[in-house]
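Q: predicted model and sequence below, questions to follow.
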Amino acid sequence: MAENDARERIQKLLVTGDNRLKQGVAVEKVRETYEEALAVAREAGLEDSVRPLVEVRLADLQRLARE
């Protein structure tokens, strides 16, 4: 996958995860979407720039799951 295609896919996955969270979709499904974004980033060599974004979202999911 070309870097631009990977960036576009990652952005789409992050937005999809955010939207699913807002819509009340199951936390596990949202987590899968964020983890898929991280996997795409890893494959494209973009993990260092994407990991912080995903980690913040995953931490928010954990917080929400506890509440």
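A: Received it, and whenever you're ready, just let me know what you need.
Q: ok, and what's touching the helix or strand containing Glu32?
A: Using DSSP states H and E, the element containing Glu32 is helix 27-44. Contact with helix 27-44 is made by 1, 3, 6-7, 9-10, 13-14, 16-17, 20-21, 47, 49-51, 54, 57-58, 61, 64-65, as judged by C-beta atoms under 8 Å, 6 or more residues apart in numbering. Using the backbone N, CA and C atoms, a C-beta is placed for each residue, glycine as well.
Q: change it to 7 Å
A: 1, 3, 6, 9-10, 13-14, 16-17, 20-21, 47, 50-51, 54, 57-58, 61, 64-65 (C-beta atoms under 7 Å, 6 or more residues apart in numbering).
Q: what about that helix, distance to the chain center?
A: Here helix 27-44 is found 5 Å from its chain centre; the criterion is C-alpha atoms, centre = their mean, to the nearest Å.
Q: may I see the buried residues of that helix?
A: Neighbour-count burial for helix 27-44, counted by 16 or more other C-beta atoms under 10 Å, picks out Val30, Arg31, Thr33, Tyr34, Glu36, Ala37, Leu38, Val40, Ala41, Ala44.
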